[in-house]
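Asks: Need a 3D model of the sequence below.
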Amino acid sequence: MLRRTLKKTTKNKKLNDFIKKYKIPREYLSGNRRMIARGVLIGIFIAFIPMPMQMAAVLLFVPFFRFNVPIALAMCWLSNPFTMPPMYYIEYLTGSYILGMQPQSVELTLEWFSNNLDDIFIPLYFGTALYSIFGSLLGFFLVNYLWKGSVEKEKKERKEK
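Replies: Numbers count the residues shown, from 1 in each chain. Alright, predicted model coming up:
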């Protein structure tokens, strides 16, 4: 269903006029499986990294990789003000556990973070690397799997008719 919606959207006259007016390369808005899967991969990879301006970081990948930019930007929104604290805390705990370090009790105050940044930096970013890599690869393969399944289901329905 999502695949059909994307196909209809890419044929929209208003979208085509917008692309022509601002001279946006067509592949950045392409609705095919590869481009969307790459967009999910890059968006989820950046979403797990604790840093400001994640959407700008996604745009830094544009000159180097071809992917669906709106999908990648939307995937960045997985880490929002409500999901960030639990995501980063789990990343910190995971990094501490794998590195064999004793996790500290965390207080959500700016003073605590400025005083303890040196102690939590390595476990946090080690856990971040694991979640970014495995989460983005999982999203990439899941999109490919579901997309191919959707195509096969559509072919089967066409044969039955």
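
Asks: Counting neighbours, what do you get for the nearest residue to residue 18 once chain neighbours are set aside?
Replies: Nearest non-adjacent residue to residue 18, counting by CB to CB, 6 or more residues apart in numbering: residue 24, 7.5 Å away. Yep, even glycine has a C-beta here, placed from its N, CA and C like the rest. By other CB atoms under 10 Å, 13 other residues sit near residue 24.

Asks: and the lengthiest helix in the chain, what does it pack onto?
Replies: When the chain is parsed with DSSP state H, its longest helix is helix 110-160. For helix 110-160, the packing partners by 3 or more CB pairs under 8 Å, 6 or more residues apart in numbering; DSSP states H and E come out as helix 2-10, helix 33-47, helix 84-99.

Asks: Phi first, then psi, for the residue nearest to residue 18.
Replies: Per-residue torsions, residue 24: phi -90, psi 130 (degrees, to the nearest 10).

Asks: Packed most tightly, which of the helices and strands packed on helix 110-160 would that be?
Replies: Mean neighbours per residue, mean count of other CB atoms under 10 Å, is largest over the helices and strands packed on helix 110-160 for helix 33-47, with a mean of 23.

Asks: Now do it against helix 110-160, angle only.
Replies: 160 degrees (axes from the mean of the first three to the mean of the last three CA atoms, to 10 degrees).

Asks: As CSV, could you dump the C-alpha coordinates of the following helix or strand past helix 33-47?
Replies: Next in sequence after helix 33-47, counting helices and strands by DSSP states H and E, comes helix 54-60. What follows is helix 54-60, C-alpha atoms only, in CSV (Å, rounded to 0.1, in the frame of the first residue of the first chain):
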residue,chain,number,x,y,z
GLN,A,54,20.6,15.8,13.0
MET,A,55,18.6,16.9,10.0
ALA,A,56,21.5,19.0,8.8
ALA,A,57,23.8,15.9,9.3
VAL,A,58,21.5,14.0,6.9
LEU,A,59,21.9,16.7,4.3
LEU,A,60,25.7,16.4,4.5
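
Asks: how distant is helix 54-60 from the center of its chain?
Replies: 11 Å (CA atoms, centre = their mean, to the nearest Å).

Asks: Give me the average confidence score over it.
Replies: Mean pLDDT, helix 54-60: 93.
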